[in-house]
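Undergrad: Attaching a predicted model along with its sequence, questions to come.
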Amino acid sequence: MSVISSLPIIDLTPFLTPTSTLSEKQEIAKALYTACHDVGFFYLTGHGVPEELQNEVLEAAREFFMTATQEEKQALERKEIDEGGDGARGWQKLGENITMGSGDWHEALDYYHPPLSDTSSGPPYDIVQGPNPWPEKPPHFRSLYEAYIAGLHTVGHALLRAMSLALSSTEDLFTPHLTSPFWCLRAIGYPPLPATSPGISCGAHTDYGCTTFLLADETRGALEVRDKQGGWIGVDPLKGAYVVNIGDMLEVWTNGLWKSTVHRVVHRGTGFRVSVPFFFEPDWDARVEPLQCCLEKTGGVRKYEAKVYGEHLAGRVKGNFYQGGPGKVLKD
Ligand SMILES: O=C(O)CCC(=O)C(=O)O
Ligand SMILES: [Fe+2]
């Protein structure tokens, strides 16, 4: 495995500054196009999220994983639909999340966009449509995370405007599909893999939606990204920046011009690694299909069928846990 020390760095400032000029934006859009086309992963700076807020988010997750009792964790546990849960939201114990049939060596708290229908009368819930179970300790966890999620919506919209300009002459290609963007946030705790274990911390997969904003602590040598030759490249965190990758919906919209890049986590170092990926997604009912401008750039042949985002997500979530099924799929 080689370690990349130089993922492209994209500075989003012009898309968050009302006074910026078109040429300032186009310069960034051009670099963004190359990053998305050549690697599918990049560091994002100029996003406006304060580093102190990022650190607080990581520390609150660490505090939960390190200090909550087993009982407190179990009170938030993800439950199957027939057990009164929505099959998605909540705490997952070590090894519960699976990829390609093997348990992932992490525990996690998973949150999603508020449910789309009223849940006040209680279960049964549809898949991914139950309430978010927030911890009571640390006491500020919920308000901190809700403020963080709101901030990342601004960044998500700005980045999608930049991506639109990278693909066309308008910033609004994706706007009709982002009226109430769905989102997911995972707070993940990774103990080091046992020395003799052949296992994996988070198995190889692609992300499901538009873009993922990965916030991770300073642990090095954990995240790995598949390169075009099928090898693995190590991606270390860059202080203050997000590691951003594109998801399955952008691959469909671009007719494969930009690929939803496979990645995984192998944490063999020392220390307990914490990461908090935020997934910025299309509207739940968005019908996603190759865009005309991308068809023109890819020889005019449509390589992807239309997908409804919410159906795609529900299908992927169902495969993420042990239910006698084959587990998380790498690609459709
Ligand atoms: O923890 C990480 O670095 C990545 C996690 C990830 O890829 C995911 O949850 O989709
Ligand atoms: Fe991922």
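TA: Sure, I can see it. Numbering: from 1, shown residues only. Ligands and ions are numbered 1, 2, ... in the order given.

Undergrad: what residue ranges in the stretch 51-200 of the chain score low on pLDDT?
TA: In the predicted model of the stretch 51-200 of the chain, residues 99-101 satisfy pLDDT under 70.

Undergrad: where does it come near ligand 1, residue by residue?
TA: Within the stretch 51-200 of the chain, the positions adjacent to ligand 1 are 186, 188 by C-beta under 6 Å from any ligand atom. Where C-beta positions appear, they are placed from N, C-alpha and C, glycine not excepted.

Undergrad: and if we set it to 8 Å?
TA: Contact residues (C-beta under 8 Å from any ligand atom) of the stretch 51-200 of the chain with ligand 1: 106, 108, 186, 188, 190.

Undergrad: most neighbours, which of those?
TA: Within these, most neighbours by other C-beta atoms under 10 Å means residue 190, with 27 neighbours.

Undergrad: thought it was touching residue 270?
TA: No: with contact defined as C-beta atoms under 8 Å, residue 190 does not reach residue 270; the gap is 11.7 Å.

Undergrad: show me where this protein has helices.
TA: For the chain, the helices defined by DSSP state H cover 13-16, 22-38, 51-67, 70-74, 141-167, 248-253, 292-297, 309-318.

Undergrad: Now render the ones you listed as JSON lines, adding mean neighbour count.
TA: Putting these into JSON lines (neighbours: other C-beta atoms under 10 Å) gives the following:
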{"stretch": "helix 13-16", "mean neighbour count": "20"}
{"stretch": "helix 22-38", "mean neighbour count": "17"}
{"stretch": "helix 51-67", "mean neighbour count": "17"}
{"stretch": "helix 70-74", "mean neighbour count": "12"}
{"stretch": "helix 141-167", "mean neighbour count": "19"}
{"stretch": "helix 248-253", "mean neighbour count": "24"}
{"stretch": "helix 292-297", "mean neighbour count": "16"}
{"stretch": "helix 309-318", "mean neighbour count": "19"}
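
Undergrad: give me the residue from the stretch 201-332 of the chain nearest ligand 1.
TA: residue 275 (3.5 Å; C-beta to the nearest ligand atom).

Undergrad: Pull the number of nearby residues for the nearest residue to residue 314 once chain neighbours are set aside.
TA: Nearest non-adjacent residue to residue 314, counting by C-beta to C-beta, 6 or more residues apart in numbering: residue 127, 4.7 Å away. Using other C-beta under 10 Å, residue 127 has 17 other residues around it.
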